[in-house]
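# Quick one, structure for this:
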Amino acid sequence: MQKLIDIRAHHLLCIPRYYSGGYNREFAENMKRICLAIRNDPGIGIRIVSGKPDDLCMKCPHRRGTICKNPKELNKWVVLEDKKLPNA
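Modelled structure (predicted):
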């Protein structure tokens, strides 16, 4: 069975320019692992999600359940960014 990665629509813009940094070590390692998996396996399954955390969000220190908590308005902005991309 092929691995399926959930990616928020706006994170598709982050993946090509990822530079190995991030909020903290745990987030950066998760982001690097996912980016390398996508780059190294062109057949990997990607499911576009919107309005909820994806596999990149899982190690983010600002995630609280299904909401981004830092700063206060960030969750609202993230959801709007997802909606700007077609088919999200």
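# What segments of this structure are strands?
Listed from the start of the chain, the chain has strands (DSSP state E) covering 4-8, 45-49, 63-64, 67-68.
# Within its sheet, name the partner strands of the third one and how each one runs.
Translated: strand 63-64. Strand 63-64 pairs in its sheet with strand 67-68 (antiparallel), by DSSP bridges.
# Just the residues contacting the strand it pairs with, thanks.
Residues from elsewhere that reach strand 67-68 (C-beta atoms under 8 Å, 6 or more residues apart in numbering): Cys57, Cys60, His62, Leu74, Asn75, Val78. For the C-beta atoms, the positions are set from N, CA and C on the backbone; glycine is no exception.
# If we use 7 Å, what do you get?
His62, Leu74, Asn75, Val78 (C-beta atoms under 7 Å, 6 or more residues apart in numbering).
# Can you flag the buried ones in these?
Asn75, Val78 (16 or more other C-beta atoms under 10 Å).
# Dump the contacts of strand 67-68 into JSON lines; add distance to Leu13 and pLDDT as well.
JSON lines is the format used below for those (distance: C-beta to C-beta, whole Å; pLDDT from 0 to 100):
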{"residue": "His62", "distance to Leu13": "18", "pLDDT": "83"}
{"residue": "Leu74", "distance to Leu13": "16", "pLDDT": "72"}
{"residue": "Asn75", "distance to Leu13": "18", "pLDDT": "71"}
{"residue": "Val78", "distance to Leu13": "12", "pLDDT": "76"}
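# So for Phe27, which of the strands of the chain sits nearest?
With C-beta to C-beta as the measure, strand 63-64 is the member of these nearest Phe27 (9.6 Å).
# out of everything not next to it in sequence, what's closest to the residue nearest the centre of the chain?
Nearest to the geometric centre of the chain sits Leu56, at 3.6 Å (C-alpha atoms, centre = their mean). Leaving aside its chain neighbours, Leu56 sits nearest to His11 (5.2 Å; criterion: C-beta to C-beta, 6 or more residues apart in numbering).
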